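Student: Quick one: sequence plus predicted model below, questions after.
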Amino acid sequence: MAAIGISGPWDEGYALALHTLSSDFLGYDNFGNPQFDTKRTKLGELVFRLKNRRDEAAVAPIAEAVAAFVTEQKLKYDLIVPVPPSRERTFQPTVEIARAVSERVNKPMREKCVRKVKPTGELKNVYEYSERVKVLKDAFEGDAERVKGERILLIDDLYRSGATMKAVAKALQAAGAERIVALAVTKTRTKI
């Protein structure tokens, strides 16, 4: 699988696929909401279904793609860490993906080794990268007891600007993580 490189404060970074191939504006619906004809990649469609439709059946094929990639690339890591969610909900897509990958590659997943220490709200409506960075400043804290000296596979479902993943990686580094491989399932076509 050919991945897309993503740069940041990590040792290696990858996105497995683009999220969308195209998105054409169709007009507005009866309620004034913009409508689009969006074509997604295979993984993009799975992530969309998982995040927007809560289609839990999408977890398995996403996890299989991630597990195949990390195995083929012979990535060096000791544990899997999901990027903390931006909002609380009963079903957390990134956590479920990380858990399923953990089962497939036989490596531990530690959900609680990085935590959000200040509220940030959802960032989907914050369009300026500099604003995202400002909102995320000091928002995460790594647990040194759990990550010091560890090689981490940091997983996120969608890489938009990279601000959240970068903030989490910095928190893990500050807590003593030895090495970080960042992996996003999909990446948007444009940078914010």
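Tutor: Cool, the structure landed.
Student: so how many other residues sit close to Leu172?
Tutor: 29 (other CB atoms under 10 Å). In this view, the C-beta of every residue, glycine as well, is placed from N, C-alpha and C.
Student: Secondary structure class of it, three-state.
Tutor: Three-state assignment for Leu172 (DSSP: H, G, I helix; E, B strand; the rest coil): helix.
Student: Need the nearest residue in space to it, chain neighbours excluded.
Tutor: Leaving out its chain neighbours, the residue that sits closest to Leu172 by CB to CB, 6 or more residues apart in numbering is Gly142, at 4.6 Å.
Student: could you dump the helix or strand where Lys134 lies to PDB, C-alpha only?
Tutor: For Lys134, the enclosing helix or strand under DSSP states H and E is helix 129-136. C-alpha atoms of helix 129-136 as PDB (Å, rounded to 0.1, in the frame of the first residue of the first chain):
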ATOM      1  CA  TYR A 129      -4.200  26.500  11.400                       C
ATOM      2  CA  SER A 130      -2.700  29.100  13.700                       C
ATOM      3  CA  GLU A 131      -6.100  29.300  15.500                       C
ATOM      4  CA  ARG A 132      -6.100  25.500  15.900                       C
ATOM      5  CA  VAL A 133      -2.600  25.600  17.300                       C
ATOM      6  CA  LYS A 134      -3.600  28.300  19.800                       C
ATOM      7  CA  VAL A 135      -6.700  26.300  20.900                       C
ATOM      8  CA  LEU A 136      -4.600  23.200  21.400                       C
END
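Student: pretty sure the residue nearest to Leu172 is in contact with Ala174, am I right?
Tutor: Yes. If you go by CB atoms under 8 Å, Gly142 and Ala174 touch, sitting 6.0 Å apart.
Student: who's more crowded, these two?
Tutor: Counting neighbours by other CB under 10 Å for Gly142 and for Ala174 shows that Gly142 has the greater number, 23 against 13.
Student: For that one, list each beta-bridge partner.
Tutor: Val114 (DSSP bridges).
Student: Quick one: residues contacting Glu96.
Tutor: For Glu96, the contact set (CB atoms under 8 Å, 6 or more residues apart in numbering) comprises 50, 56, 59.
Student: could you dump the residues you listed to TSV with neighbour count, secondary structure and distance to Asp157?
Tutor: As requested, the contacts of Glu96 are arranged in TSV below (neighbours: other CB atoms under 10 Å; DSSP: H, G, I helix; E, B strand; the rest coil; distance: CB to CB, whole Å):
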residue	neighbour count	secondary structure	distance to Asp157
Leu50	23	helix	7
Glu56	12	helix	13
Val59	18	helix	10
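Student: Turn those residues into JSON lines, including pLDDT and distance to Ile155.
Tutor: Below are those laid out as JSON lines (pLDDT from 0 to 100; distance: CB to CB, whole Å):
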{"residue": "Leu50", "pLDDT": "94", "distance to Ile155": "13"}
{"residue": "Glu56", "pLDDT": "95", "distance to Ile155": "17"}
{"residue": "Val59", "pLDDT": "98", "distance to Ile155": "12"}
